[in-house]
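Q: with the input below, show me the fold.
(chains A and B)
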2 protein chains.
Amino acid sequence: MASSMRLVTVGSVAFDTLTTPHGYRKRIIGGAATHASVAASYFAPKLGLVGVVGDDFPEAYRQILHKRKVDLAGLTSARGKTFHWKGRYVGAMGSAETLHTELGVFATFDPQVPQAWRKAPFLFLANVEPSIQERVLKQMTHVKFSLLDTMNLWISVRRAALLKVIKQVDAVVLNDMEIRQLTGEHALIKAAQACLKMGPKYVFLKRGEHGATLIGKKEYFHLPAYPTAKVVDPTGAGDSFAGGLMGWLARDGRASGPTLRAAMAAGVVLSSFQVEGFSLERTVRLKPNEIAGRLKALRSMTRF
Amino acid sequence: MASSMRLVTVGSVAFDTLTTPHGYRKRIIGGAATHASVAASYFAPKLGLVGVVGDDFPEAYRQILHKRKVDLAGLTSARGKTFHWKGRYVGAMGSAETLHTELGVFATFDPQVPQAWRKAPFLFLANVEPSIQERVLKQMTHVKFSLLDTMNLWISVRRAALLKVIKQVDAVVLNDMEIRQLTGEHALIKAAQACLKMGPKYVFLKRGEHGATLIGKKEYFHLPAYPTAKVVDPTGAGDSFAGGLMGWLARDGRASGPTLRAAMAAGVVLSSFQVEGFSLERTVRLKPNEIAGRLKALRSMTRF
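A: Below you'll find the model as predicted:
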């Protein structure tokens, strides 16, 4: 008998065409669910991806995910084009400039979680329109810990729907700008406190080169970014952070304070590898000792 | 026989007239050396301040420093006016807007370190024109660990003099903007590495609400800011950070890796108190258990 699904990730699977100061890449594999799942695969015993691609999505790209043991039974293939994002990063690569977005089949994404996965205890709702996130949440029957990501667009144009789903998840993962936009508070501590009042038990703050912070009603935990000077392509940094942490939780099976801390460290480490190559170049070929090495280094960087 | 001087701090002693979202204060006690010395006084066994004030500087303000056991034998009183800074903080109080600077007697500041202090092992060169910092450094004969602070103005208009003195100190303390301006590197890791090539063994990065980072050739240590939601007046935050850390080193007597880490934590804690009141309101009346409590909290915020 197959072991049961531990972590379900819902979100985009895409083509990315992008330019960074380190080069240009055309139609490489991208998407939030892709990056999150690959990162999670280093920890989660069994994980599945719910998404949609067009009939132009190459078998070779499926194989990349398959090799990382990401179950693709939830990845629908629809007639049409795969979501395609074109963007570029300039200078310090602090944020991407979107040049073109072709939603393709993602425009009518109506995720159906495979029946066999609906009892999975861990759920990552990657950045998708909030009412879609809510529909997925309703399909799940035994969620132990759910994490939601979102973006400036939804905070601005789907605010009511977003607040409704935020109320139902265990945690949210946001960057500095998103949490300020969501709460109207500039100081991050105040913004996080305001966010907790919206319902979730925890906020994971992604602070880019300033690291990450976990804030709960009785929890405050901060980690620096792993100091890699080699940032090749920031795409997927946030998704691999969320994926790494959800994968860790799925492996551990709990979502208690100490586990959440260790999980966040795993997220920081996975995201530090993610940015060292284009797309999944670096993240698909990590060795356990590389991950353990950075976890150990991260621990030593914060001890006094 | 009096015990010997452990920590000498050189810099401004001033009047501050300022507005923050929490109120307006006129001619309150300010200055980098003031804030640094008071913070250091919680740890350093014996410390002295080198600076200059005008004949308008009230005895009551001297008494504030005296009560904190800051030796004022190096604080010259000159005919004229005390340095007076007028500024305001708006919104998120990320940075001060200077409305008026009246240098007064500080314009001709020519610091003379009292003979009895010249063998002191720890030296903090607070933000002063770099050639003045260098003159002070030359007066000291037994420096074990020197820390230099500076500002955007000197990086821009006294670059050569600044680079000359940076080469001679053990460590520098800079904020994000200053280190980027100094090195031309945007990414903080790269900026810190570039700064180490200028000579100092360590860089202390002040990152405001993002905490602080200690970077050396073989050292990387990060702490979050202590998460106080009560920021009343950011003036002196950086100086109390530097003062707290130098005071800790002066007490410990060493400047090794583990001591530098603990010292930085002390700096983070002192600066978290500093911003909770106008001027020295909060920082002059700290109890040892308040400091110990935040040090402990800071430790627990980074453990996983």
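
Q: partner strands of the least confident helix or strand in chain A by mean pLDDT and their direction?
A: Every helix and strand of chain A was ranked by mean pLDDT, DSSP states H and E. The lowest is strand A:97-102, at a mean of 92. Strand A:97-102 sits in its sheet next to strand A:84-88 (antiparallel), going by DSSP bridges.

Q: returning to what we had before: for the least confident helix or strand of chain A, list every residue counted as buried.
A: Using 16 or more other C-beta atoms under 10 Å in any protein chain shown as the test for burial, strand A:97-102 gives A:Glu102. All C-beta atoms are positioned from the backbone trio N, CA, C, and that covers glycine.

Q: ok, stretch A:103-111 next?
A: Neighbour counts over stretch A:103-111 (16+ other C-beta under 10 Å) mark A:103-106, A:109, A:111 as buried.

Q: please apply the same query to stretch A:279-291.
A: Residues of stretch A:279-291 classed as buried by neighbour count (16+ other C-beta under 10 Å): A:279-284, A:286, A:291.

Q: quick one: that stretch near chain B?
A: No - Stretch A:279-291 stays out of contact with chain B when judged by C-beta under 8 Å from any C-beta of the partner chain, the minimum separation being 14.6 Å.

Q: how distant is that stretch from the center of its chain?
A: Its chain's C-alpha centre and that of stretch A:279-291 lie 16 Å apart, by C-alpha atoms, centre = their mean, to the nearest Å.

Q: ok, now which ones touch the residue nearest the centre of chain A?
A: Central residue of chain A (C-alpha atoms, centre = their mean): A:Asp239, 2.7 Å from the mean position. Neighbour list for A:Asp239: A:11, A:32-36, A:39, A:126, A:149 [criterion: C-beta atoms under 8 Å, 6 or more residues apart in numbering or on different chains].

Q: highest neighbour count among these?
A: A:Ala36 (36 neighbours; other C-beta atoms under 10 Å in any protein chain shown).

Q: now that one, what's its secondary structure?
A: Taken by DSSP: H, G, I helix; E, B strand; the rest coil, the conformation at A:Ala36 corresponds to helix.

Q: so it touches A:Ser12, yeah?
A: No - between A:Ala36 and A:Ser12 there is no contact under C-beta atoms under 8 Å: 10.0 Å.

Q: any shared contact partners between the two?
A: In contact with both A:Ala36 and A:Ser12: A:Ala126, using C-beta under 8 Å, 6+ apart.

Q: if we can go back for a sec, measure the residue nearest to the residue nearest to the centre of chain A when sequence neighbours are not counted to chain B for me?
A: The shortest distance from A:Asp239 to any non-neighbouring residue, by C-beta to C-beta, 6 or more residues apart in numbering or on different chains, is to A:His35 (3.7 Å). Per C-beta to the nearest C-beta, to the nearest Å, A:His35 is found 21 Å from chain B.

Q: now swap in A:Gln168 and tell me
A: On the measure of C-beta to the nearest C-beta, A:Gln168 and chain B end up 27 Å apart.

Q: surely that residue and A:Gly199 touch.
A: Yes - assessed by C-beta under 8 Å, A:Gln168 is found in contact with A:Gly199 at 7.1 Å.

Q: show me how far the least confident helix or strand of chain A is from its chain's centre.
A: The answer for strand A:97-102 is 20 Å, by C-alpha atoms, centre = their mean.

Q: with just CA atoms, put that strand into PDB.
A: Extracted in PDB, the C-alpha atoms of strand A:97-102 (Å, rounded to 0.1, in the frame of the first residue of the first chain):
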ATOM      1  CA  GLU A  97      10.400  44.000 -13.300                       C
ATOM      2  CA  THR A  98       7.700  42.100 -15.200                       C
ATOM      3  CA  LEU A  99       7.900  42.700 -18.900                       C
ATOM      4  CA  HIS A 100       5.100  40.400 -19.900                       C
ATOM      5  CA  THR A 101       2.700  37.900 -18.400                       C
ATOM      6  CA  GLU A 102       0.900  35.400 -20.500                       C
END
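
Q: so what touches that strand?
A: Strand A:97-102 has contacts (C-beta under 8 Å, 6+ apart) with A:81, A:83-90.

Q: 6 Å instead, please
A: Contact partners of strand A:97-102, identified using C-beta atoms under 6 Å, 6 or more residues apart in numbering or on different chains, comprise A:84-88.
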